[in-house]
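K.L.:
Got a sequence here, can you model it:
(2 chains)
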Amino acid sequence: DTGVSQDPRHKITKRGQNVTFRCDPISEHNRLYWYRQTLGQGPEFLTYFQNEAQLEKSRLLSDRFSAERPKGSFSTLEIQRTEQGDSAMYLCASSARGAGELFFGEGSRLTVL
Amino acid sequence: GENVEQHPSTLSVQEGDSAVIKCTYSDSASNYFPWYKQELGKRPQLIIDIRSNVGEKKDQRIAVTLNKTAKHFSLHITETQPEDSAVYFCAATYNNNDMRFGAGTRLTVKP
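P.N.:
Residues are numbered from 1 along each chain as shown, chains lettered A, B, ... in the order given. Next comes the predicted model:
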């Protein structure tokens, strides 16, 4: 296990299509986070899990976004009916419980045409 | 939820000079304040962090100070080098519950 991995690294889709991203965290980490980052901005919090429980979801996240972590290991982030404004880098991160370093994946870049 | 403000958005210094980046946060319950460095096209990586029970932490050329009363914290880089050029993000959280990041500071170190 060399770190957090995300798949796919790049996704180009047409407006209105659904897309799904996968994140595999560091195996012993029970917390998993999703962030969105656009050019020139900091990571914007979307949601996070402790084990399989989704503990918080950003109020900025529309109903088109849904995230799961069914077995407390990998997580998926689905965006339904994509819009051009959804174009961004989607970053996943994991951490051990409590305050401490977040380890980020390389990100999944989404382009909506 | 937590709100983190970061200044300046861009900073240009001469090699060898010092750089200071400042952040403020809104939630007095926050107890962990990390700083991340993101190079172009790469993932953010932790460079230093501080917990609420200390006021200052240093690691070689990098230091962070925390003022809990004023709810602000700062990153100090001394003897800057060209490889310090990157975007730096501050963050604040209570026990990693929902770590919120600042908008970032693009640091350019001119040789």
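K.L.:
Might you enumerate the residues of chain B proximal to chain A?
P.N.:
Residues of chain B lying near chain A by CB under 8 Å from any CB of the partner chain: B:6, B:31-32, B:34, B:42-46, B:49, B:51, B:89, B:93-104. For glycine as for every other residue, the C-beta is placed from the backbone atoms N, C-alpha and C.
K.L.:
Quick check: ChimeraX command selecting the buried ones in those.
P.N.:
Only the buried entries of the residues of chain B next to chain A go into this ChimeraX selection, using 16 or more other CB atoms under 10 Å in any protein chain shown:
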select /B:6,31,32,34,43,44,49,89,93,94,96,97,98,99,100,101,102,103,104
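K.L.:
In strands, which of the residues of chain B next to chain A appear?
P.N.:
Those of those mapping onto strands are B:6, B:32, B:34, B:45-46, B:49, B:51, B:89, B:100-101, per DSSP state E.
K.L.:
For the residues you listed, please prepare a markdown table with the additional fields pLDDT.
P.N.:
As requested, these are arranged in a markdown table below (pLDDT from 0 to 100):
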| residue | pLDDT |
| --- | --- |
| B:Gln6 | 97 |
| B:Tyr32 | 94 |
| B:Pro34 | 96 |
| B:Gln45 | 96 |
| B:Leu46 | 96 |
| B:Asp49 | 96 |
| B:Arg51 | 93 |
| B:Phe89 | 98 |
| B:Arg100 | 93 |
| B:Phe101 | 95 |
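K.L.:
near chain B, which residues of chain A?
P.N.:
On the criterion CB under 8 Å from any CB, chain B has as its neighbours in chain A the residues A:31, A:33, A:35, A:40-45, A:48, A:55-56, A:91, A:95, A:97-102, A:104-107.
K.L.:
Apart from its neighbours in sequence, what residue is nearest the most centrally placed residue in chain A?
P.N.:
Ranked by distance to the mean C-alpha position of chain A (CA atoms, centre = their mean), the top residue is A:Trp34 at 3.3 Å. Ranked by CB to CB, 6 or more residues apart in numbering or on different chains and with sequence neighbours excluded, the top spatial neighbour of A:Trp34 is A:Leu46, at 4.3 Å.
K.L.:
so who does the one you found touch?
P.N.:
By CB atoms under 8 Å, 6 or more residues apart in numbering or on different chains, A:Leu46 lies in contact with A:33-36, A:57-58, A:61, A:65, A:67, A:77.
K.L.:
how about it, secondary structure?
P.N.:
Classification of A:Leu46 using DSSP: H, G, I helix; E, B strand; the rest coil returns strand.
K.L.:
Look up how far A:Leu91 lies from it.
P.N.:
Using CB to CB, to the nearest Å, A:Leu46 is found at 9 Å from A:Leu91.
K.L.:
now A:Gln50
P.N.:
Here the distance between A:Gln50 and A:Leu91 works out to 18 Å (CB to CB).
K.L.:
In terms of neighbours, single out the busier of the two.
P.N.:
Between A:Gln50 and A:Leu91, counting by other CB atoms under 10 Å in any protein chain shown, A:Leu91 is the more crowded of the two (25 against 17).
K.L.:
element containing the more buried one?
P.N.:
Under the criterion of DSSP states H and E, A:Leu91 resides in strand A:88-95.
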